[in-house]
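> This is a predicted model, with the sequence first.
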Amino acid sequence: MSKLFQVSLFVPGVLLIVLLFSMLPVVFQADPVNGALHFQWMNGFTKIGEYIDGIWTGQSFRYYAGINELSFWEQIGYGIKVTSFYMVLGAVMGMTVGILLGVYFAVSRAEWFKRLLELTGAMPDFIIVIVLQFIIVLVAMETGLVIAKVASFNDNEPAILLPLLSTIIIPANYMIRNVALHMKHTFTEDYINFAKSRGLRKGYIIFRHALPNVLPFIKADLHKFMGILFGNLFIFEYLYNLHGVTLLVFTNAFGMNSYQYSLVVNGILTFLLLYAIVYLLLRLMILGWEKVLTR
């Protein structure tokens, strides 16, 4: 099966899944009397039909924010800019920091680092965000020095440092443990022992022999890394008050006391597009590492 044929099937398949997934809130209806759950499949298929018809009229790209009717195309631009800024930088820096610290963790005996890694790995993502905000507030109360903004209070002065740290720390934690695990296993291979017996430098063995053979495992686990990065994006944007894609969708999904199906579909498709862009960027980044290390 050719790549072109696979893509031609993949894109409509993803679109169909998004259309079906987005209709769930109108399909599952609770009985107002006894609270029993009923399945109203025709309501969902009606929404799909309305969305398809609205593509040609433009109505599928309009939604309500409160009592105001807005254009999705006019509002989503800022959301894409905000979300992509933090996701791209967080992904690139999180992977880079994760790989380098994972290598260090594999060859180091620093137990304190292992304990810190286990602690942060056991903490939910929203707890990490709250802890970072608490530290900034505590430092400001004790010293009067405001190191960073704990949240964005308006679009002209957004919080940058703390959101960026969060998008680096959370996925990097997973990458560190993943790289360290594969590096330790790689160090037991015969070709590494042969390299050691030849008297090659430790750094040369790590970056010219061990790490190039770990990078394929990182590439294979890239979707897990991306899942961690994107998984709690709404919580991340909500706690930092960042007007990104997910906050736009979730805060307006039930506008004017009704479910805005078209907004949810458009928001999920935008989210998936950002996911694909960041994923391809990381794939290219790993390929670049492989070429540099094996050159």
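Arrived safely. Numbers count the residues shown, from 1 in each chain.
> now the strands: where do they sit in this structure?
28-30, 37-39, 62-65, 68-71 (DSSP state E).
> most tightly surrounded among these?
strand 62-65 (a mean of 18; mean count of other C-beta atoms under 10 Å). Just so you know, the C-beta spots here come from the backbone N, C-alpha and C atoms, and that holds for glycine as well.
> now for that one, which elements pack on it?
Secondary-structure packing of strand 62-65 (3 or more C-beta pairs under 8 Å, 6 or more residues apart in numbering; DSSP states H and E): strand 68-71, helix 72-107, helix 245-252, helix 261-294.
> Serialize those to JSON lines and add fields for distance to Ile160 and mean pLDDT.
Shown next, in JSON lines, are those (distance: least, C-beta to C-beta, whole Å; pLDDT from 0 to 100):
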{"stretch": "strand 68-71", "distance to Ile160": "26", "mean pLDDT": "88"}
{"stretch": "helix 72-107", "distance to Ile160": "9", "mean pLDDT": "89"}
{"stretch": "helix 245-252", "distance to Ile160": "16", "mean pLDDT": "88"}
{"stretch": "helix 261-294", "distance to Ile160": "18", "mean pLDDT": "91"}
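> winner for burial among these?
Ranked by mean neighbour count, these are led by helix 245-252 with a mean of 21 (mean count of other C-beta under 10 Å).
> Show residues contacting that one.
Contacts to helix 245-252, defined as C-beta atoms under 8 Å, 6 or more residues apart in numbering, come from residues 63-65, 75-76, 79-80, 82-83, 233-234, 237-238, 260, 263-264, 267-268, 270-271, 274.
> Go through the helices and strands packed on strand 62-65 and name the closest to His182.
Among the helices and strands packed on strand 62-65, helix 72-107 comes nearest to His182, with 8.3 Å by C-beta to C-beta.
> Lowest mean pLDDT among the helices and strands of this protein, which one is it?
Ranking every helix and strand in the chain by mean pLDDT, DSSP states H and E puts helix 111-122 at the bottom, with a mean of 70.
> Quick check: closest non-adjacent residue to Asp221.
Closest residue to Asp221 apart from its sequence neighbours, by C-beta to C-beta, 6 or more residues apart in numbering: Asn178 at 5.9 Å.
> Number of residues surrounding that neighbour?
For Asn178, the tally of surrounding residues (other C-beta atoms under 10 Å) stands at 19.
> what about Val26, how many neighbours?
18.
> Go ahead and confirm it touches Tyr261.
Yes: counting by C-beta atoms under 8 Å, Val26 touches Tyr261, with 6.9 Å between them.
> Sounds good, over and out.
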